[in-house]
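Asks: Pasting the sequence and the predicted coordinates here, then a few questions.
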Amino acid sequence: MFQIFFSDAEILHYKRCFEDMLGVAQSKTGVHPKMGKILRDIFGRVEDVGGDIGREKRRRTGSRTWKDSTQNTLFMD
């Protein structure tokens, strides 16, 4: 398995895009229904990924046994 690294420019670009989306979502006049559906879909995906990352950070796996026969994993929800 390998790791992927993002450049500072990429991260800055994604951060600006996300801030733009949040700015549109927070507008006091509302958004067009089609834009609202698109934003809900995107924010739903972000929530799914963020939830998975948060769950992985909270995961506690018991110490390994000699035979490694147990796969007990406790999620701290």
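Replies: Looks like it came in fine. Numbering: from 1, shown residues only.

Asks: gap between the closest residue to residue 6 other than its chain neighbours and residue 21?
Replies: Nearest residue to residue 6, sequence neighbours excluded (C-beta to C-beta, 6 or more residues apart in numbering): residue 14, at 7.9 Å. No exception for glycine: its C-beta is placed from N, CA and C like everyone else's. Per C-beta to C-beta, to the nearest Å, residue 14 is found 11 Å from residue 21.

Asks: Tell me which of the two has more neighbours.
Replies: Using other C-beta atoms under 10 Å, the more surrounded residue of residue 14 and residue 21 is residue 21, with 16 against 11.

Asks: State the pLDDT value of that one.
Replies: If you check residue 21, the pLDDT there is 93.

Asks: Could you pull up the residues touching it?
Replies: 39, 42, 43 (C-beta atoms under 8 Å, 6 or more residues apart in numbering).

Asks: Tally up the residues packed near residue 36, please.
Replies: Residues near residue 36, counting by other C-beta under 10 Å: 13.

Asks: same question, residue 41
Replies: Residue 41: 10 neighbours (other C-beta under 10 Å).

Asks: And the pLDDT for the residue nearest in space to the middle of the chain?
Replies: Nearest to the mean C-alpha position of the chain, by C-alpha atoms, centre = their mean, lies residue 50 at 2.3 Å. Residue 50 is assigned 79 on the pLDDT scale.
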